[in-house]
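In: Let me see the structure of the following:
(2 chains, ligands or ions: 1)
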Amino acid sequence: MEKSEKMDEYRGNPLMQLLQTKREKLISVFFTAGFPELESTGEVLSLLEKYGADFVEIGIPYSDPLADGPVIQQTSQTALANGMSIDTLFNQLDSLHGKVNIPMILMGYLNPVLQYGVEKFCARAASAGVSGVILPDLPPDEYKETYGEIFRKHGLHFIFLVTPTTPPERIYLADSLSTAFIYAVGSSSITGGGKSGIYSTDFLQRLKEMKLSNMHIAGFGIKDRESVRLAWEYSSGAIIGTAFMKKLIESGDPQKATGQLMNDLFG
Amino acid sequence: MTKKEKTEINPDNRGFYGQYGGSYIPELLWANVEELRTRYSPIMSEKSYTDELDRLLRDYAGRPTPLYHAANLSRKTGAKIYLKREDLCHTGSHKLNNVLGQALLAVKMGKKQIIAETGAGQHGVATATVCALMNLPCTIFMGEKDTLRQKLNVTRMEMLGATVVPVSSGSKTLKDATNEAIRHWINNPDDTYYLIGSTIGPHPYPDIVTKLQSVISRETITQLREKEGRDEPDHVLACVGGGSNAAGAFFGFIGNGITRLTGAEAAGEGADSKKTAASINKGSMGIIHGSKTMLLQNKDGQVTETHSISAGLDYPGIGPLHAWLSKEGLAQYLPVSDEEAIEAAFDLTETEGIIPALESAHAVALLDKIDFKPGAVIVICLSGRGDKDMETYSNYFEGRSRGILPADNHQAT
Ligand SMILES: Cc1ncc(COP(=O)(O)O)c(C=O)c1O
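Out: Take a look at the predicted model:
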């Protein structure tokens, strides 16, 4: 019964439409808004669409990204120095309306969103064509009691993270609150990979066996053909972040970086 | 001052003091914090834990620290001033109280390695010290800027066997060292204990550190009873970085209806300048290091760079307990500038022969800022000693003796 209610609210949501037709071998790419240049957002989005990403995660840069490794720290710091802010990002997305069709998720830390105002954030995100939001430091119980209603009202998916150390009852909680999919962090590490850089297929297999109501998509530490293959085998898709940002830092050229990434993964 | 029922101050079950606190952490950190949250209270109330901690505080740290009647300073100010001598604690500051308690907790939890952040280096030194004592491997994260301005403490930590990791991200100070320690903890969840140095971070850290530092006010009460025949001073003054020495110094007096509690925030070059660290006076509600509290941030919710001459107070947030005490009117927080702190340090040195840490000098400077009745009993938490700050002091001292200080110039003209 819950499911059909969800469907109603998210009718017309681009991510929902995607996930209704494609339930495996998904590819999503993360990039930091405002990197390498303040105005790169449109170009990067078009390139990712052109090169065949199924959906994107747009990172809202934050001064203190606790869950991020050096690469995303660096892109965030540059993006902030370039002048990126939530308002600027929404203005950019507004102006891209109709020109870019790839489903978009915003990913950021809670504090900038709180300062912006959650209601205003959701309203503007929805009107800019955003499909969903990930805020890794918003606790599930607070989401449920305070914010869930607002995201739902604006037809925005909310996606929770689970990790190999998340106990089963909490995975079920994340599943019950997430719409669209749950984000399976394959390794206990910050973005860019920790000690091993290898993520746990055991964990992804475990999620599969839990018969969750959402599909799970794997992210963190995915960087090459082999890791994409494993992510696809044990989950519905792969999310690539640091590997792309590394290329973008190295070349400074979104066209080149996107081409190289897709070549590394699928060429 | 608001009169409150005299009960112990505890956060609610989600770690909130009123609307401040909580646990705003990425899921990657959740299991680590949850393990701590479920285990700290039972372990810390075990008799074997409290006995061992009491023994270490007494024989190793040198507690109780004296409550010293500063007669010269009292004469000068017209108040009856007592200094709670945390500077006489082993390693030179109150930080050891917290480290001993958390290190014992870590061992009881079966953890094999300790990590910590440090600003002035006092928490790092205390942690490295206890790790040497307990034979635990120890890694200290320290902002690159702080490794330069607190060099002596880097050498101490290294001599004690700790690995000091200079942090070059962000503003290269305490907040970035804390980020890096948390990231390291995410990457090493199983056997690592994150030994946080102040009343900051996600629940249960503010509560753990507050309880461990509350020994300061517990001793003060006993000592004051002996010296003054009363349990409640008229005032307690303490400096506030993350807020641990202030939390400990205030704890036994919160809401007693008699004692006025005042915290000194680092105003840097002035609370109204851009170069400040006065979170309560100049900040707004936000989230830092997993805690909802008063925070120096820009309109976009980005944490701003702070400034204080004292590395230990150079932090954009403040423990949630203090944000709540301030909001409830149970304590007040006043800004003290770099200049005022240094002047207070020289004053204390000249009148009492005690060279305080720059942090603690901020608390001493409050004597010029608060209203008190003649003869009022004032307890100042002297959180640490000044050895680590000798370079700053000597630069100032040389400047002063050559008459090139702005303050002296004013007098000359
Ligand atoms: C001597 C001394 N006092 C005070 C502080 C500030 O910390 P807190 O506010 O947690 O007491 C420090 C921190 O390094 C310190 O070294």
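
In: hey, let's count contacts and neighbours off CA atoms from now on
Out: OK.

In: can you give me phi and psi for the closest residue to the ligand within the stretch 1-150 of chain A?
Out: When scored by CA to the nearest ligand atom, the stretch 1-150 of chain A has residue A:64 as its residue closest to the ligand, at 20.3 Å. Backbone torsions of residue A:64, given as degrees, to the nearest 10, read phi -130, psi 70.

In: Tell me how far it lies from residue A:22.
Out: 35 Å (CA to CA, to the nearest Å).

In: Have a look at the two and say which one is more surrounded.
Out: Legend: neighbour count by other CA atoms under 10 Å in any protein chain shown for residue A:64 and residue A:22, higher for residue A:64 (22 against 12).

In: wait, doesn't the more buried one sit right on residue B:305?
Out: No - look at residue A:64 against residue B:305 with CA atoms under 8 Å: they stay out of range, at 11.3 Å.

In: picking that back up, contacts only, for the residue of the stretch 1-150 of chain A closest to the ligand.
Out: Residue A:64 makes contact with B:170, B:176, B:179, B:302, B:303, according to CA atoms under 8 Å, 6 or more residues apart in numbering or on different chains.

In: What is the neighbour count of residue A:119?
Out: Residue A:119: 17 neighbours (other CA under 10 Å).

In: Sorry, slip of the keys, the one I care about is residue B:76.
Out: Neighbourhood size, residue B:76 [other CA under 10 Å]: 10.

In: can you check residue A:24 too?
Out: Around residue A:24 there are 17 residues (other CA under 10 Å).

In: go on, residue A:212?
Out: Neighbour number of residue A:212 under other CA under 10 Å is 16.

In: what's the distance between it and residue A:175?
Out: Taking CA to CA as the measure, residue A:212 and residue A:175 are separated by 7 Å.

In: Show the backbone phi and psi for the most centrally placed residue in chain A.
Out: Per CA atoms, centre = their mean, the C-alpha nearest to the average position across chain A is that of residue A:57, at 3.7 Å. Dihedral pair for residue A:57: phi -120, psi 120, per degrees, to the nearest 10.

In: Quick check: it touching residue A:27?
Out: No - counting by CA under 8 Å, residue A:57 sits too far from residue A:27 to count as a contact (10.8 Å).

In: Now the common contact residues for the two.
Out: When contacts are counted by CA under 8 Å, 6+ apart, residue A:57 and residue A:27 have no shared neighbour.

In: just checking, residue A:231 touches residue A:220?
Out: No - Residue A:231 is beyond contact range of residue A:220, at 10.6 Å (criterion: CA under 8 Å).

In: What is the neighbour count of the nearest residue to residue A:126 once chain neighbours are set aside?
Out: Sequence neighbours aside, residue A:154 is the residue nearest to residue A:126 in space, at 6.1 Å (criterion: CA to CA, 6 or more residues apart in numbering or on different chains). By other CA under 10 Å, the residues close to residue A:154 number 19.

In: And residue B:399, by the same measure?
Out: Neighbours of residue B:399 (other CA under 10 Å): 14.

In: element containing it?
Out: helix B:390-401 (DSSP states H and E).

In: Buried residues of that helix, list them for me.
Out: By 16 or more other CA atoms under 10 Å in any protein chain shown, the buried positions in helix B:390-401 come out as B:390, B:392, B:393, B:396, B:397.

In: what about the last one, distance to residue B:342?
Out: Put plainly, it is residue B:397. Taking CA to CA, one finds residue B:397 at 10 Å from residue B:342.

In: same check, this time on the second one
Out: Applying CA to CA, one obtains 9 Å for the distance of residue B:392 from residue B:342.

In: do residue A:69 as well
Out: To residue B:342, residue A:69 is 38 Å away according to CA to CA.

In: higher neighbour count, these two?
Out: Between residue A:69 and residue B:342, counted using other CA under 10 Å, the more crowded position is residue B:342 (25 against 19).

In: Isn't that one up against residue B:360?
Out: No - using CA under 8 Å, residue B:342 makes no contact with residue B:360, being 10.2 Å away.

In: For residue A:212, give me its contacts.
Out: Contact partners of residue A:212, counting by CA under 8 Å, 6+ apart, are A:172, A:175.

In: Can you classify it by secondary structure?
Out: Classification of residue A:212 by DSSP: H, G, I helix; E, B strand; the rest coil places it in coil.

In: about what we covered before: determine which two of the contacts of residue A:64 are furthest apart.
Out: Within the contacts of residue A:64, two members stand farthest from each other by CA to CA: B:179 and B:302, at 14.3 Å.
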